[in-house]
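In: Any chance you can model this:
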Amino acid sequence: MAKINLLNTDTKSFLDLVGNGKVYRVPPYQRDYSWTEEQWEDLWNDLLELRGNADSRHYMGALVVEGDDRNFLIIDGQQRLATLSVLALAIIRRLKILAESNVERDQNHERAQSLRYRYIGEKDPSSLIESSKLYLNETDNAFYQDYLVQLRPPLNPRGLPRSNKLLWECYNWFSTQIEKVEELNVGAGLAGFLSETVGRQLLFILITVDDEMNAYTVFETLNARGLELSSTDLLKNYLFSRIKVASDISVLQRRWKSLVSTVKQERFPEFLRYHLLCEYPKIRQQRLFKLIRDRVKTPDDVFNLITALEARAELFAALWDVRHEYWIDNPACKQHIRDFALFKVRQITPLMFAAWERFSKDDFARLLKLISIVSFRYTVVSGLNPNDLEPAYHFAAKAVLDGTAPGAAEVFEKLRGIYVSDDKFRQDFATMEIATTGQRKLLAKYILCKLENDVANRSVDYETDPATIEHIFPENPSGEWDNYFARDDADRFVYRLGNLTLLESGLNRQIGNAQFSEKKQSYEKSAYALTNRFAASAPEDWTPAALDARQLIMAQRAAHIWRSAFVSGGNR
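Out: Okay, the predicted model is just below:
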């Protein structure tokens with residue numbers, strides 16, 4: 001059957017969505033309510049801009065639902081729908097307060113009732129309990145129905161679960177904002193704000209899918225239309241849709257919550273993709289869900305996938321966190337974990353998964369050192385194509401898992417294609433420049449400290465050592481420097497590695513933008529060998545040629561420092 005018949009899209013106002021007896025339910029396994037003041041404020045500011053400008057519209061994004069003409073399961077969009085419903089309740093409550101204060105008593109009472117029936121739900125004629133057009137997940141629904149929909153304050157707000165607290169805080173936050181707007185302190189203004197600004201000027205792209213539609217197809221369709229969806233939630237919906245037994249859903253929900261808590265909601269697709277890259281040489285993000293759909297069809301498939309992901313989740317979290325408990329018992333790994341964060345390399349992840357499962361602690365540490373060197377050469381210095389890294393690390397991971405690469409030496413043979421040669425590395429290092437601002441400043445200090453350690457045969461840590469980065473040719477040179485560096489060319493030299501050195505902060509402040517002859521005297525006083533030895537052999541004048549010569553020497557030293565132990569001449 002053609003899938004195109006299983007998906008319908010339309011543009012709907014908020015009033016269109018909740019009108020005509022429609023009921024929306026959040027599946028029990030969906031995330032709890034999580035919006036905070038940042039999102040509430042953004043929505044409120046958008047509404048204030050729309051107010052009084054009837055021709056304006058604001059798009060709230062996609063609302064993806066599954067169901068028939070009246071009853072829908074929310075696949076994506078529950079946070080927005082819940083927040084707007086809470087805002088409507090805050091407005092209705094304000095109208096009731098005005099009526100109870102004898103401000104247009106009958107009119108405001110009627111307005112409150114009319115808006116409640118339109119946006120929230122109707123009162124059951126037998127129980128006289130207000131029903132709802134929206135039902136939240138199992139954590140939030142009881143609080144929403146029993147307190148917010150009934151406009152009742154909770155008895156113990158401090159004892160509420162976090163998501164219930166957020167719903168209550170959302171209700172109070174909007175109530176406070178409403179009181180601040182003069183035009184919203186009269187009944188007609190309040191009613192018009194909800195029925196027109198909120199109800200008609202907020203637009204959604206409503207995407208309704210048939211029961212046979214799967215999360216992957218929704219995801220791919222929306223991406224093709226340039227819309228944003230939470231891919232983690234969509235994957236979750238698909239996996240849970242494969243489970244039919246209530247007790248299995250409960251187990252899966254518990255395990256899913258723990259898994260996502262470990263790897264983080266926003267990074268889950270990345271984690272899943274790297275897990276699968278242990279098996280497949282290339283997986284585009286856009287095809288991730290097709291692969292899951294093809295692989296995962298039965299409840300057993302779902303639980304097998306979850307079990308495999310659980311086994312790798314903690315390592316995924318630890319790879320980008322030097323403080324993770326994994327490294328307490330593996331201190332030799334810490335410095336390399338810091339390197340990965342500094343170099344911003346993630347393509348290594350499949351190989352890390354494989355090596356953690358197959359190597360001893362010592363062999364794993366040796367591999368981390370190798371990958372740090374490979375990454376520094378390939379990514380940091382030579383800046384080569386990152387698209388070539390994933391296939392290389394995939395094949396290395398496969399070799400580790402199938403036993404053909406039982407140690408770091410064999411892994412290196414698999415990675416030779418991305419190991420930059422000494423000649424190219426020296427050539428690229430000799431012309432390298434780093435802007436000493438932001439994260440790049442830390443990278444510059446990392447390089448200088450590694451050079452210092454090699455020159456002085458001591459350990460200087462780039463994160464804890466108090467050294468500052470001195471620009472020999474200053475960032476803000478005085479006019480006298482024009483004799484050596486043309487103003488038009490100055491930017492090409494100030495951030496060259498050959499123009500950078502380590503210096504005590506006090507000495508750095510003293511010399512400021514002084515001429516090189518004065519700076520050199522301070523360099524001679526420095527405790528950093530990289531600096532005082534340079535001063536001892538430095539020329540009288542600092543020129544582009546002198547800078548090139550110094551950086552070439554640094555490049556030759558760097559080729560020795562960042563060299564694999566498995567290359568002739570390498571240091572084990």
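In: could you point out the longest helix in this protein?
Out: The single longest helix within the chain, with elements called by DSSP state H, is helix 78-100.
In: Heading C-terminal from it, find the next helix or strand.
Out: helix 105-119 (DSSP states H and E).
In: What is the longest helix of the chain packed up against?
Out: helix 14-18, helix 37-50, strand 58-67, helix 105-119, strand 134-135, helix 162-180, helix 187-192 (3 or more C-beta pairs under 8 Å, 6 or more residues apart in numbering; DSSP states H and E). Every residue, glycine included, has its C-beta placed from N, CA and C.
In: Specify the angle between it and helix 162-180 in degrees.
Out: Calculated by axes from the mean of the first three to the mean of the last three C-alpha atoms, to 10 degrees, helix 78-100 forms an angle of 50 degrees with helix 162-180.
In: just so I know, which of the helices and strands packed on helix 78-100 lies nearest V494?
Out: helix 37-50 (38.5 Å; C-beta to C-beta).
In: Kindly provide the whole-number mean pLDDT of the closest one.
Out: What helix 37-50 shows for mean pLDDT is 93.
In: That helix versus helix 78-100: what angle between them?
Out: 60 degrees.
In: Leaving out sequence neighbours, find the closest residue to K525.
Out: L507 (6.4 Å; C-beta to C-beta, 6 or more residues apart in numbering).
In: Secondary structure element holding the one you found?
Out: helix 505-511.
In: Okay, buried residues for stretch 190-209 please.
Out: Neighbour counts over stretch 190-209 (16 or more other C-beta atoms under 10 Å) mark 190-195, 197-209 as buried.
In: Start and end of that stretch, how far apart?
Out: 35 Å (C-alpha to C-alpha, to the nearest Å).
In: Over to stretch 488-501?
Out: First-to-last residue span, stretch 488-501, C-alpha to C-alpha: 23 Å.
In: quick one: buried residues of it?
Out: Buried, per 16+ other C-beta under 10 Å, within stretch 488-501: A490, F493, V494, Y495, R496, L497, G498, N499, L500, T501.
In: same deal with stretch 464-481?
Out: Applying 16+ other C-beta under 10 Å to stretch 464-481 flags A467, T468, I469, E470, H471, I472, F473, P474, P477, W481 as buried.
In: Stretch 536-555 too?
Out: A538, W542, T543, P544, A546, L547, R550, Q551, L552, M554, A555.
In: Name the nearest residue to the first one, ignoring sequence neighbours.
Out: Taking C-beta to C-beta, 6+ apart as the measure, A538 lies nearest to K520, with 5.9 Å between them; neighbours along the chain are not counted.
In: where's L443 relative to R563, distance?
Out: Per C-beta to C-beta, to the nearest Å, L443 is found 19 Å from R563.
In: Spell out the residue ranges of the strands in the chain.
Out: 7-13, 23-25, 58-67, 71-76, 134-135, 202-209, 468-471, 500-503 (DSSP state E).
In: Which of these sits closest to Q285?
Out: strand 71-76 (17.3 Å).
In: What strands line up against the closest one, and which way round?
Out: Within its sheet, strand 71-76 is paired with strand 23-25 (parallel), strand 58-67 (antiparallel), according to DSSP bridges.
In: follow-up on the earlier one: what's the farthest-apart pair in the buried residues of stretch 488-501?
Out: Longest span within these, C-beta to C-beta: A490 and T501, 18.0 Å.
In: Please, where are all the helices along the stretch 251-400 of the chain?
Out: 268-276, 288-295, 299-319, 331-343, 349-358, 361-375, 389-401 (DSSP state H, counting those that start in this stretch).
In: who are the neighbours in contact with D140?
Out: Shown in contact with D140 (C-beta atoms under 8 Å, 6 or more residues apart in numbering): V26, D32, Y33, A82, S163, N164, L167.
In: at 10 Å instead, please
Out: Contact analysis of D140 by C-beta atoms under 10 Å, 6 or more residues apart in numbering lists 26, 30-33, 78, 82, 148, 161, 163-164, 166-167.
In: Please parse this protein into its domains.
Out: 3-213, 230-319, 331-420, 427-561 (automatic domain parsing).
In: Comparing these, which comes out most buried?
Out: domain 331-420 (a mean of 19; mean count of other C-beta atoms under 10 Å).
In: now that domain: mean pLDDT?
Out: 95.
In: Show the contacting residues for the residue nearest to K525.
Out: T468, E470, K519, Q521, S522, Y523, K525, S526, A527, Y528, T531 are the contacts of L507 under C-beta under 10 Å, 6+ apart.
In: Could you dump the domains of the chain into a markdown table and include distance to E325?
Out: Formatted as a markdown table, these follow (distance: least, C-beta to C-beta, whole Å):
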| stretch | distance to E325 |
| --- | --- |
| domain 3-213 | 24 |
| domain 230-319 | 8 |
| domain 331-420 | 12 |
| domain 427-561 | 20 |
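In: who wins for proximity to V567 among these?
Out: Short answer: domain 331-420, nearest of the domains of the chain by C-beta to C-beta, at 7.6 Å.
In: What's the end-to-end length of the closest one?
Out: 28 Å.
In: how far away is the nearest residue to I561 once chain neighbours are set aside from I91?
Out: Sequence neighbours aside, D454 is the residue nearest to I561 in space, at 5.2 Å (criterion: C-beta to C-beta, 6+ apart). Distance of D454 to I91, given as C-beta to C-beta: 68 Å.
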